[in-house]
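Participant: Using only what follows, build the 3D model:
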Amino acid sequence: MKILVTGGAGFIGSHVAEYYAKRRWKVTVLDNLIRSKIFGYSKKSVEYNWEYLKRYSNIERILGDVRKIKDVREAIGRGVDVVIHCAAQPGVLSSVKNPRLDFAINALGTFNVLECIRRKSPKATFIYCSTNKVYGGNVCNLPIKELKTRYVYKGVRAISEEMSIDSSPHTPYGVSKYLGDLYVQEYAYIYGIRTGVFRMSCIYGVRQFGFEDQGWIAHFIITALKEEPITIYGNGKQVRDVLYVKDLVKAFDLFVRSKIKHSVYNIGGGPENATSLLEFLNLLSKKLDRKPKVKYSNWRPFDQKVYISDISKIKRDLGWESTISFERGIDKLLSWAKKFLSSTSYTIE
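Facilitator: Numbers count the residues shown, from 1 in each chain. So this is what the prediction gives:
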């Protein structure tokens, strides 16, 4: 079996690539290694994962860009059995600053990969890494109440796939991922491509290089370990459900091995694995045996006060369950981050 992982040097993509490499699949990774550049960061980040994947002889790494048709064609080669499309511009603020780049990577890049698959491997399974941001401001229209350490929904436990993705503000990032989401669905309806759309909440885990604009759990941990201040926008009571990356990859694989022709899933930790920023900082204080440095700033207009995924559909359809609790997952990420920051074997320059 052969799989193409776009954005394969990224956090999620590298875990997907490793998962299938261990199962003796032939894995092709396509990545342009521009994550740090997108976020205006002067140091390397996903280059670490690019080097990490060299340990697997059945992984072919291609330095290329989903915005370029010829690069995608090269990565597909004579054909693939599965595509997991992780390549993306993942930052909301970055999309506001540079909407053209955001559109080119997220919308046009997704279209390019779909079109190449339609023409070269029409029987391949295509998995799209979507986002809860496709629901836009509709999430913010739900009534909430404020508790001591978090906001909670009033009358709703979590967000299902039935929520509308129309008639609301989205941010350029939300729109570009929305376009990719719809195109993937359309290629299933019109061209018969087998597709799975996974609208992800907060995914975290080892080998994650978080920035302030994206990957907040890893960003908080690495910033705290470096004893630098963490900026909280608003009061810190905003809530997200969080999911360890290996549980996400298992969900992808369950879909690949299923007989489902096409579906859309919300995926995250669900209500049982939801945390506010304040609650996470308290947990981090216990893990570090000291309080991280924190400073506060104004609310950002695009921040959702609460987002929790309803994961009942994916449980029902695929028999999927998250297996790694939030605290256990944080222990894993914290252990890796400590080793990474003290390592001299690979330097992020």
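Participant: Counting neighbours, which bits of the worst-scoring helix or strand of the chain on mean pLDDT end up buried?
Facilitator: Every helix and strand in the chain was compared by mean pLDDT, DSSP states H and E; the lowest is helix 35-38, with a mean of 87. For helix 35-38, the neighbour count (16 or more other Cβ atoms under 10 Å) marks Arg35, Ser36, Ile38 as buried. Every residue, glycine included, has its C-beta placed from N, CA and C.
Participant: Ok, stretch 20-37 next?
Facilitator: Within stretch 20-37, the residues that qualify as buried are 20-21, 25-33, 35-36, counting by 16+ other Cβ under 10 Å.
Participant: Show residues contacting that stretch.
Facilitator: 1-10, 13-14, 17, 42-47, 50, 53, 56, 58-66, 71-72, 75-77, 80, 87, 209 (Cβ atoms under 8 Å, 6 or more residues apart in numbering).
Participant: In strands only, show me those.
Facilitator: Lys2, Ile3, Leu4, Val5, Thr6, Ile59, Glu60, Arg61, Ile62, Leu63 (DSSP state E).
Participant: and those residues, which are buried?
Facilitator: Using 16+ other Cβ under 10 Å, the buried ones in these are Lys2, Ile3, Leu4, Val5, Thr6, Ile59, Glu60, Arg61, Ile62.
Participant: Quick check: pLDDT value at the nearest residue in space to Val264 that is not next to it in sequence.
Facilitator: Take Val264 and drop its neighbours on the chain: the residue closest to it by Cβ to Cβ, 6 or more residues apart in numbering is Val197, 4.3 Å away. As predicted, Val197 sits at a pLDDT of 98.
Participant: just checking, Val197 is part of a strand?
Facilitator: Yes: assessed with DSSP: H, G, I helix; E, B strand; the rest coil, Val197 lies in a strand.
Participant: who's in contact with it?
Facilitator: Tyr128, Ser130, Asp181, Val184, Gln185, Ser263, Val264, Tyr265.
Participant: and the end-to-end length of stretch 130-145?
Facilitator: Start-to-end span of stretch 130-145 (Cα to Cα, to the nearest Å) is 28 Å.
Participant: Could you pull up the mean pLDDT of it?
Facilitator: On average, stretch 130-145 scores 94.
Participant: now the helices for the stretch 51-200 of the chain?
Facilitator: 69-76, 92-97, 99-103, 109-120, 171-191 (DSSP state H, counting those that start in this stretch).
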